[in-house]
Each structure stands twice: as structure tokens, then as C-alpha cells.
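Undergrad: sequence first, predicted model second:
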Amino acid sequence: MSDSIKQKQGWLNRGLNAIEHVGNRLPDPAMLFALFMVAVWLLSAWLSTVTFAEIDPRTQQAFAVKNMLSGAALTEFMANLVPTFVNFPPLGVVLVAMLGLGVAEHTGFIGAGLRSILAVTHRRLLTPVLIAVGVLSHVAVDAGYVLVIPLGAVIFYAAGRHPLAGIAAAFAGVSGGFSATLFIPSSLDPMLAGLTQAAAHLSSEPGAAALVINPLNNFIFTTASTFLIIAIGWALTDLVIEPRLRNTPVDGDPAALPKLDSLSAQERKGLIWAVIAMLISIAILALSVLPADSSWRAPTGEIAVASAPVMRSIVALIFVFFLIPGIVYGVVSGSVSTHHDIVKGMSKSMSGMGYYIVMAFFCAQFIYAFGQSNLGALFAIKGANALKEMNLPMGVTLVGIVYLTACVNLLVGSASAKWALIGAVMVPMLMQLGVSPDLTQAAYRVGDSSTNIITPLMPYFPLIVVFCQRYVKNTGIGTLIAMMLPYSIALLVLWTAFLLGFWWLDIPLGIGSHYSFPSPAGG
């Protein structure tokens with residue numbers, strides 16, 4: 001390695017170390033969310049007295065910030081305190097999935113499976129494979145957060161690599177590549193397309209009212225983006241993140257850390273029967289989904305839509321598909337003797353979630369207060385209007401959409417909520433300039449994914465901190481942000497350039513997509 005490269009890498013490491021140091025000096029994440037909530041209350045009380053000219057696209061009325069310190073708001077907050085926590089989306093997803101995973105881990109099924117995979121996989125190919133699996137996990141909605149990311153740490157540690165590098169690579173694929181698709185559409189595609197179509201119908205341009213947006217209008221771009229994300233993640237993990245982690249000791253509970261030993265004959269037999277049990281379970285599900293009138297399907301007969309029972313049952317299916325082979329493995333290998341061992345595995349996995357549950361409580365209350373105050377929506381619309389008033393060249397405007405979305409993403413976690421707000425302004429605006437909703441939506445997707453991995457306000461961010469603490473006890477918010485910041489910056493720059501390349505070369509974004517409005521075919 002040349003001296004100039006070493007010098008640049010030294011500067012990068014010093015910069016990331018400074019970010020980590022500052023971030024970790026912040027209060028405990030649970031207390032940080034509580035402080036954020038108080039800040040929202042105070043800011044909302046101040047801005048509730050201000051009259052704004054911006055129009056809320058959801059109500060078609062002027063924006064108004066709700067005073068969260070008013071008597072009505074405070075009593076409503078207290079009345080909803082428990083439901084806000086209990087209905088916090090990631091909470092149930094994490095806990096239910098961890099019950100099944102806990103059994104599979106406690107009986108040794110996951111460890112045996114990983115050891116057999118590592119025996120035939122070169123350790124240097126683990127990174128791209130892990131990132132690809134992370135991107136593919138979007139088919140199962142949020143399953144990647146509770147399944148792929150912790151397994152990334154296990155796989156890396158068992159292969160003799162730093163476990164936090166495995167978490168970083170998996171997190172980059174699952175969350176940084178959230179808008180990408182690996183040949184299979186995700187539930188995000190029809191969700192965003194529906195919002196894009198609704199926004200397009202707000203335009204007064206001829207033909208806008210009859211415009212139909214194909215749910216796969218970005219499918220070619222998002223599929224091609226997967227290979228870009230794998231390349232970026234692979235390079236950063238192996239060349240930047242893992243070398244920087246060499247001086248970070250793994251000081252987690254030695255008894256809980258995976259070990260790479262050869263499988264015994266009994267373990268190999270248990271693994272074979274466990275895999276057979278998992279395949280049979282999957283086959284039964286597949287056969288029950290195939291009939292056109294299957295109860296797993298949506299009323300329209302579709303499968304890969306958010307309303308389909310099979311898509312809404314993903315977490316429950318993860319629970320079952322790991323519980324059954326976990327039990328089978330334990331019985332055949334001899335690691336399970338009675339049903340008490342199964343319950344013990346579940347209890348053990350839940351005991352490790354105590355800190356996450358505390359953080360989730362305060363995170364849920366903050367997100368509720370922030371959403372109710374209307375502050376996030378106001379900031380999003382102000383940014384979109386400012387971009388509109390600049391009247392920049394089209395390529396610069398597309399970059400502006402990406403970076404505006406990336407900034408708003410630091411404040412508003414939900415992809416659909418952000419697009420409902422930003423899209424209602426940006427889609428009609430750009431249609432007036434001859435830009436299709438398909439291209440505007442693609443620009444949004446790039447910005448939405450790129451900063452997912454560095455915002456503590458992303459609902460699953462506290463969970464990733466907990467996963468890291470299993471291996472490095474003093475991991476904090478600063479540690480995770482510093483570890484993921486290089487991915488975020490690289491994705492913002494290179495993925496945006498990738499989109500501009502598609503546009504300049506006139507490569508189709510997806511099925512039924514166009515770059516201009518009206519389209520050359522008049523659609």
C-alpha cells in the first residue's frame with residue numbers, strides 16, 4: 001500500500017474515531033430518545049404560534065404545528081402511552097422472531113448450519129454473499145433486521161473475522177440497500193407506486209388524471225442497483241471497516257460467542273434432519289399458497305402485495321420455520337431432552353432483549369410525539385418547496401431530490417410517510433418540467449435508502465446497537481454511526497451517479513416506465 005493511500009486511510013480513521021468518540025459521549029440511547037421527545041415538545045410549543053404559508057398535501061390546508069405541551073395533547077399522550085409502546089411496529093416483529101431464533105440458537109441448529117456453510121465458503125466471499133442476502137431479505141419486509149444482521153455477526157466471528165464488520169455489511173445490505181431488489185419485487189414497490197400515482201393525479205398537466213403507474217416502474221434500476229450496493233459494501237467492509245476494527249477487542253460473553261468446530265456425527269445427523277424438517281415446512285406453505293383461491297392470497301389473488309396474509313405472516317413464519325428445525329435438531333443431536341429445554345431457549349433469547357425493550361419504549365414515545373407535532377412533515381415540505389424555487393437544471397434537480405430525501409430521512413423514518421409528503425410536491429412539479437413520475441420516484445428511492453443506516457431515529461437502529469453490544473460491550477450510538485457513515489456517503493454519491501447514468505444513457509428504469517412526461521407514446 002502506497003504512503004499516500006496509508007495517509008488518506010489514517011485521516012479517515014481519525015475522522016471516524018472522532019465521530020465515534022463524540023457519539024458515544026452522548027447520553028444512553030434510551031435517555032437520548034427521552035431528551036429528543038422533550039425537545040419536540042418545546043419546539044412544537046414555540047412553532048404552534050407561527051402561521052405557515054405551506055400547504056399540507058394531506059389536508060390541502062395551511063400547515064399547522066400541534067403544541068404537544070397543551071393540556072389536550074399531554075392528556076392524549078398519557079392516554080396513548082401504553083398503546084404507543086405495545087403497537088410500536090419493530091417491537092412485536094423483534095420479539096416474536098427472536099422466540100423462534102432463540103430455540104434454534106439454543107439447541108445448536110443455527111451454529112451447526114453456519115459451521116457447515118463456512119466449511120465450503122471462502123471467508124473472503126462472505127461479505128458479498130451476506131450483502132446480497134441482506135438485499136434479498138426485503139421480500140420478507142423487515143425480517144432482515146432481526147434475522148440477517150445478527151447472523152452476519154455470527155458468520156464473521158465464526159470465520160475468524162470481526163463480528164462488527166459482519167453487522168456493518170449486513171446492515172448496509174438490509175437497510176442501506178432498502179430500495180434495491182434482487183430479481184424479486186418487494187412490498188415497497190407497489191406501496192411507492194400507489195403514492196406516486198396519487199401524487200401524479202394532483203397535477204393539472206393534460207393526461208395526468210389518467211396516468212397509471214406500474215408497480216414495477218423502477219424494477220430494472222433497483223435490480224441493477226443491487227450489484228452496485230454489493231460492490232460498494234464489499235469494498236468498504238474489507239478495505240475500510242474491518243481494518244479499522246482490528247484494534248477493537250471482542251469482549252462479549254465468551255460462552256455466548258460462536259465457535260468454529262467440526263461437526264460431530266450426531267450433529268451432522270441432527271442438521272440433516274433439521275434441514276429436511278425446514279424444507280418440508282416450506283413445501284407445505286408453498287403448496288398451500290399455489291391455489292388461486294388460497295386463503296394466503298390477497299382478495300385480488302395476488303401474493304407479493306402488502307395486504308396478502310402470507311406477507312403479513314412473514315414474522316410468524318420465521319418463528320415457525322426456525323422453531324420446528326430447532327426442535328428437530330435438538331432431539332436428534334441430543335441437545336434437547338425435555339420440553340423445558342425449548343422453553344429455556346425462548347427465555348434466554350428474551351432475557352437478552354431487556355435493554356432493547358427499554359430503548360424501544362422511549363423511541364416509540366419520541367416517534368409518536370414527533371409525528372403528532374407535524375414537525376417532520378413541515379420540514380419535508382419546506383425543503384421540497386425550496387428546491388422547486390431554485391429552478392435548477394434537470395440533472396441538478398434530480399440530485400437535489402436525492403439529497404433532500406436523504407436529509408428528511410434523518411427525521412422521518414417511514415419510507416411511505418416521506419414519499420406521501422415529498423411526492424405530493426415533487427411529482428407534479430417535475431411533471432410540469434417534462435419529467436416522468438417514474439424518474440422522480442427512482443431519485444427518491446436512492447435518497448431514502450442511503451441515510452437509513454446513520455439515523456438513530458430509524459426504528460431498528462437501537463436493535464442494531466444491542467446486537468453490537470453482544471460482541472463489544474461498550475458499543476454506543478457513536479460506534480454504529482461511525483461504522484456506517486462511509487457506506488452512507490458512498491451510497492449517496494455513487495448511487496446518485498448510477499441513477500444519472502441510467503437517465504443519460506436512456507436505460508429503462510423498469511416495466512412501463514418513462515423518463516419524460518408526456519411519454520413518447522403519449523401515455
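TA: Structure's in. What do you need?
Undergrad: show residues contacting the host helix or strand of residue 272.
TA: In the assignment (DSSP states H and E), residue 272 maps to helix 265-289. Residues from elsewhere that reach helix 265-289, judged by Cβ atoms under 8 Å, 6 or more residues apart in numbering: 108-109, 112-113, 116, 263, 294, 296-297, 303, 310, 317, 320-321, 324-326, 328-335. Any C-beta I mention is one placed from the backbone N, CA and C, and that applies to glycine too.
Undergrad: centre of the chain to whichever helix or strand comes after that helix, how far?
TA: Following helix 265-289 in sequence order, the next helix or strand is helix 309-312 (DSSP H and E). Counting by Cα atoms, centre = their mean, to the nearest Å, helix 309-312 is centred 19 Å from the centre of its parent chain.
Undergrad: now do the buried residues in the helix holding residue 272.
TA: 267, 270-271, 273-275, 277-278, 281, 285 (16 or more other Cβ atoms under 10 Å).
Undergrad: show me where the stretch 351-500 of the chain has helices.
TA: 354-373, 375-390, 394-408, 415-432, 437-450, 461-469, 477-490, 496-505 (DSSP state H, counting those that start in this stretch).
Undergrad: can you list those helices in a markdown table and add mean pLDDT and distance to residue 40?
TA: Shown next, in a markdown table, are these (pLDDT from 0 to 100; distance: least, Cβ to Cβ, whole Å):
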| stretch | mean pLDDT | distance to residue 40 |
| --- | --- | --- |
| helix 354-373 | 82 | 5 |
| helix 375-390 | 72 | 7 |
| helix 394-408 | 85 | 16 |
| helix 415-432 | 73 | 16 |
| helix 437-450 | 91 | 22 |
| helix 461-469 | 88 | 17 |
| helix 477-490 | 91 | 18 |
| helix 496-505 | 94 | 31 |
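Undergrad: please enumerate the helices of the stretch 151-300 of the chain.
TA: Counting by DSSP H, counting those that start in this stretch, the stretch 151-300 of the chain has these helices, from start to end: 163-171, 188-200, 219-236, 242-244, 265-289.
Undergrad: and the shortest one, average pLDDT?
TA: Looking back up the chat, that one is helix 242-244. Helix 242-244 shows a mean pLDDT of 91.
Undergrad: how far away from the center of its chain is it?
TA: Distance, centroid of helix 242-244 to centroid of chain: 24 Å (Cα atoms, centre = their mean).
Undergrad: report the two of the buried residues of helix 265-289 separated the most.
TA: Using Cβ to Cβ, those span at most 26.8 Å, a distance reached by 267 and 285.
Undergrad: which residues sit in contact with residue 54?
TA: Neighbouring residues of residue 54 by Cβ under 8 Å, 6+ apart: 62-63, 378, 381-382, 385.
Undergrad: apologies, that question was intended for residue 335.
TA: Applying Cβ under 8 Å, 6+ apart, the residues contacting residue 335 are 107-108, 270, 329, 341.
Undergrad: who are the contact partners of residue 181?
TA: Contacts of residue 181 by Cβ under 8 Å, 6+ apart are 135, 138, 189, 219, 222-223, 226.
Undergrad: please redo it, this time with the cut-off set to 6 Å
TA: Residue 181 is in contact with 222-223, counting by Cβ atoms under 6 Å, 6 or more residues apart in numbering.
Undergrad: if we can go back for a sec, most neighbours among the contacts of residue 54, which one?
TA: Tallying neighbours with other Cβ atoms under 10 Å puts residue 381 at the head of these, with 21 neighbours.
Undergrad: residue 174 touches residue 150, doesn't it?
TA: No: with contact defined as Cβ atoms under 6 Å, residue 174 does not reach residue 150; the gap is 11.0 Å.
Undergrad: number of nearby residues for residue 410?
TA: 15.
Undergrad: lowest confidence element among the helices and strands of this structure?
TA: helix 3-24 (a mean of 61; mean pLDDT, DSSP states H and E).
Undergrad: elements contacting the following helix or strand past it?
TA: Next helix or strand after helix 3-24 toward the C-terminus (DSSP H and E): helix 29-47. Helix 29-47 sits against helix 354-373, with contacts defined as 3 or more Cβ pairs under 6 Å, 6 or more residues apart in numbering; DSSP states H and E.
Undergrad: just the angle for the helix it packs on relative to helix 461-469, thanks.
TA: With axes from the mean of the first three to the mean of the last three Cα atoms, to 10 degrees defining the directions, helix 354-373 sits at 160 degrees from helix 461-469.
Undergrad: tell me how far the helix holding residue 272 is from the chain's mean position?
TA: Chain-centre distance of helix 265-289: 29 Å, with Cα atoms, centre = their mean.
Undergrad: how about the contacts made by residue 419?
TA: If you count contacts by Cβ under 6 Å, 6+ apart, then residue 419 has 192, 195, 444 around it.
Undergrad: my bad, should have said residue 468
TA: Residues near residue 468 by Cβ under 6 Å, 6+ apart: 164, 167, 475.
Undergrad: nearest residue to the second one other than its sequence neighbours?
TA: Excluding its sequence neighbours, the residue lying closest to residue 167 (Cβ to Cβ, 6 or more residues apart in numbering) is residue 153, at 4.8 Å.
Undergrad: how many neighbours does that neighbour have?
TA: The number of residues near residue 153, taken as other Cβ under 10 Å, comes to 27.
Undergrad: against residue 446, how distant is it?
TA: Distance of residue 153 to residue 446, given as Cβ to Cβ, to the nearest Å: 27 Å.
Undergrad: can you check residue 209 too?
TA: 28 Å.
Undergrad: please say which of the two ends up with more neighbours.
TA: The neighbour comparison of residue 209 against residue 446 (other Cβ under 10 Å) goes to residue 446, with 28 against 11.
Undergrad: surely that one touches residue 495?
TA: Yes: counting by Cβ under 6 Å, residue 446 touches residue 495, with 4.9 Å between them.
Undergrad: check what pLDDT residue 413 gets.
TA: The model's pLDDT for residue 413 equals 58.
Undergrad: what's the answer for residue 284, then?
TA: 93.
Undergrad: which ones are touching residue 66?
TA: By Cβ under 6 Å, 6+ apart, the residues touching residue 66 are 372-374.
Undergrad: which members of those are classed as buried?
TA: Applying 16+ other Cβ under 10 Å to those flags 372-374 as buried.
Undergrad: ok, these vs residue 55, which is closest?
TA: Distances from residue 55 to these, taken as Cβ to Cβ, are shortest for residue 374 (12.9 Å).
Undergrad: number of residues surrounding residue 183?
TA: Count around residue 183 with other Cβ under 10 Å applied: 9.
Undergrad: report how many residues lie close to the closest residue to it other than its chain neighbours.
TA: Nearest non-adjacent residue to residue 183, counting by Cβ to Cβ, 6+ apart: residue 223, 5.9 Å away. By other Cβ under 10 Å, 18 other residues sit near residue 223.
Undergrad: what pLDDT is listed against the residue of the chain most remote from its centre?
TA: Ranking residues of the chain by C-alpha distance from their mean position (Cα atoms, centre = their mean) puts residue 265 at the top, at 39.0 Å. What the model reports for residue 265 is a pLDDT of 89.
Undergrad: residues contacting the residue nearest the centre of the chain?
TA: Nearest residue to the geometric centre of the chain (Cα atoms, centre = their mean): residue 175, 3.2 Å. When contacts are counted by Cβ under 6 Å, 6+ apart, residue 175 touches 452-453.
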